[in-house]
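Asker: pasted the sequence and its predicted model underneath.
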Amino acid sequence: MITPEVGYGNIQLDVSVQPSVTVLPELATITVGEEKTILCEITRFYPKLMEVTWLVKKDLAPELPAVSRDVCTGIPVPNGDQTYNVHSRITVLASMEENGAVYVCQIKHRSYGTPHRRNATLKVVAPRLPSDSTAVIAGTFSTSVLLILAVLGAVFIYFRHFQRVPPNVSEIIQPAIIYANETAKLKCNITAFRSHAFKVQWLRVKQHQFLDQAEGLGGSPEAIPLNRCDDVSDKAENQFDKQHGLCVSTIPIQLAVEDDNTEFRCIVRCGRTEISRTAVLKVTVRPSFFQISSLPPIPELQKPLVLCCRMEKFYPGSVSLEWFRDGQAVKDVTQFGPFEDSGQLYSVWSQSQLTVTKEDEGAVYTCCVRHDSFPEPGFREISYELNLQGTAPKVMWIKCDPPQPGTGQECTLNCSVSNFCPDSISVKWQKNDQPIHAGVSNSPPVLNASGLYSLWSFLRFTPEEDDDGSVFKCVVEHSTLSEPEERIHVLNVSK
């Protein structure tokens, strides 16, 4: 008699979708003292787990040190086809040392064998300076006979005329987007100054007084009396770059939603000359919720299906929503809102309705939203794919608790069944190919955020000595499976 040998093996198939990566802009031109935001847009990847890192390479440096300051990476947003999108951005403050620097968006994902990188190059230009006094001095040398008088005249003109020329003051530089309750910076570039003999003052117009005062003074914001402003100069920092004749005055700010349209003024005083620059700031809030839901959750042939795109708790209220089906605009759309929510925030719903037919299988509906809180390119998209055939369940390996039970010690075998649709499913247990009914319990299917269902199945029993080496099976049957899906566990009972 030959004793048969039985062997068991497990194979796990990992599915990955490589993302599409775009860096905007690839070549960023910026003036010294200004800020620039570089966006890394990563779309349609799977699985969700991803690591995004920003690196910078300057000159011929061999290493790429990681950058964490002024970096903002969002959370992955699901699409309707179970892929994800994520955006990461870095804000760069330009100096001449940054000229030619390469900022690298590095992505680590299961679909890449090695980290994937996309580059953006920074081109920094110096601020324009007024023409030097040598042109005036050179003009006085038109005759060699009066050389000494020309030199003396040039010196006289320099001290009596050019020394009194006021410095150049840029407009107030502000971030492209100012988010509520997040720190941002305002800057003014001051150039062509002959000495440090000037003062910089920052003012913030008091709330609820800006519009009234401006209207009462002919609509000119600069005519607002200083006693109607708060002096915030103590928070400012002035940095001098003697090599390029530049002073950068920077002030940090943090505004709330009620501070929207707040005016700031930067005043530069040099002798009797006063130069004022103003900026009215717009405050935004990112939406806390952005998702497509369907009613009913599972599409059915010849029955109505309502797709609802919801975006909640954003500011300002101005928003644009568009629907697309396989890239073509959908016109039959109903929008509710935007309506004011709690805390001066807004919410909006937009829905598209259809009667499901066989031709709708695999159709992708996309909701595109444009809002001031979104960085370049200024919009976000979320997609939903119509699936009439259902989604096959993902059956995990059986786990035993405790891993090696003793004789007479109760144990539990559990099996996770997830991401299936529709919710009708059969989960059964076997021992040595014989059905088991006692001790079996299944949790009810639970609908998750992606519109799919999940459940747990348990088998509780007390093993005996002859159960050692017994083969337990979890058998899953679903309409999307051509044959049952099985998971096996060989019980190891300690003596």
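Answerer: Everything's here; your move. Bear in mind that the values here come from a model prediction, so they are computed numbers and not experimental data.
Asker: where does the prediction get shaky in the protein?
Answerer: Within the chain, the set of residues satisfying pLDDT under 70 comprises 1-10, 61-65, 128-165, 192-196, 207-227, 449-451.
Asker: center of it, which residue is that?
Answerer: Central residue of the chain (C-alpha atoms, centre = their mean): G74, 3.4 Å from the mean position.
Asker: ok, now which ones touch that residue?
Answerer: By C-beta atoms under 8 Å, 6 or more residues apart in numbering, G74 lies in contact with V86, H87, S88. Where you see a C-beta, it was placed from the backbone N, CA and C, and this is true even at glycine.
Asker: nearest residue to the second one other than its sequence neighbours?
Answerer: Excluding the flanking residues, the one nearest H87 by C-beta to C-beta, 6 or more residues apart in numbering is G74, at 5.1 Å.
Asker: what bridges to T91?
Answerer: T37 (DSSP bridges).
Asker: just to check, it is in contact with T37?
Answerer: Yes: taking contacts as C-beta atoms under 8 Å, T91 lies within contact range of T37: 5.0 Å.
Asker: shared neighbours of the two, anything?
Answerer: Shared contacts of T91 and T37, defined by C-beta under 8 Å, 6+ apart, are found at P175.
Asker: in the stretch 101-250 of the chain, which spans are helices?
Answerer: Using DSSP state H, counting those that start in this stretch, the helices of the stretch 101-250 of the chain run over residues 134-139, 147-160, 210-216.
Asker: still on that earlier bit, relative to K57, how far out is the residue nearest to H87?
Answerer: Look at G74 and K57: by C-beta to C-beta, to the nearest Å, they are 25 Å apart.
Asker: same question, V356
Answerer: Distance, V356 to K57, using C-beta to C-beta: 52 Å.
Asker: list phi and psi for T284.
Answerer: Note on T284: backbone dihedrals following degrees, to the nearest 10 are phi -130, psi 160.
Asker: look up which residues are beta-bridged to it.
Answerer: Bridge pairing for T284 - DSSP bridges - gives Y179.
Asker: ok, it to K108 distance?
Answerer: T284 is 31 Å from K108, by C-beta to C-beta.
Asker: the two: which is more packed in?
Answerer: Counted by other C-beta atoms under 10 Å, T284 and K108 do not tie: T284 has more neighbours, with 18 against 13.
Asker: OK, contacts around the more buried one?
Answerer: Neighbouring residues of T284 by C-beta under 8 Å, 6+ apart: I177, I178, Y179, A180, F314, Y315, P316, H371, D372, S373.
Asker: S454 and P445 touch, don't they?
Answerer: Yes: using C-beta under 8 Å, S454 is in contact with P445, at 6.9 Å.
Asker: what touches both of the two?
Answerer: In contact with both S454 and P445: F420, using C-beta under 8 Å, 6+ apart.
Asker: and P393, how many neighbours?
Answerer: For P393, the neighbour count with other C-beta under 10 Å is 25.
Asker: name the nearest residue to it, ignoring sequence neighbours.
Answerer: The nearest residue in space to P393 (C-beta to C-beta, 6+ apart) is F420, at 3.5 Å.
Asker: what number of residues lie near N261?
Answerer: N261, neighbours per other C-beta under 10 Å, totals 14.
Asker: check the one 5 residues further on too.
Answerer: Neighbour count of C266, defined by other C-beta under 10 Å: 26.
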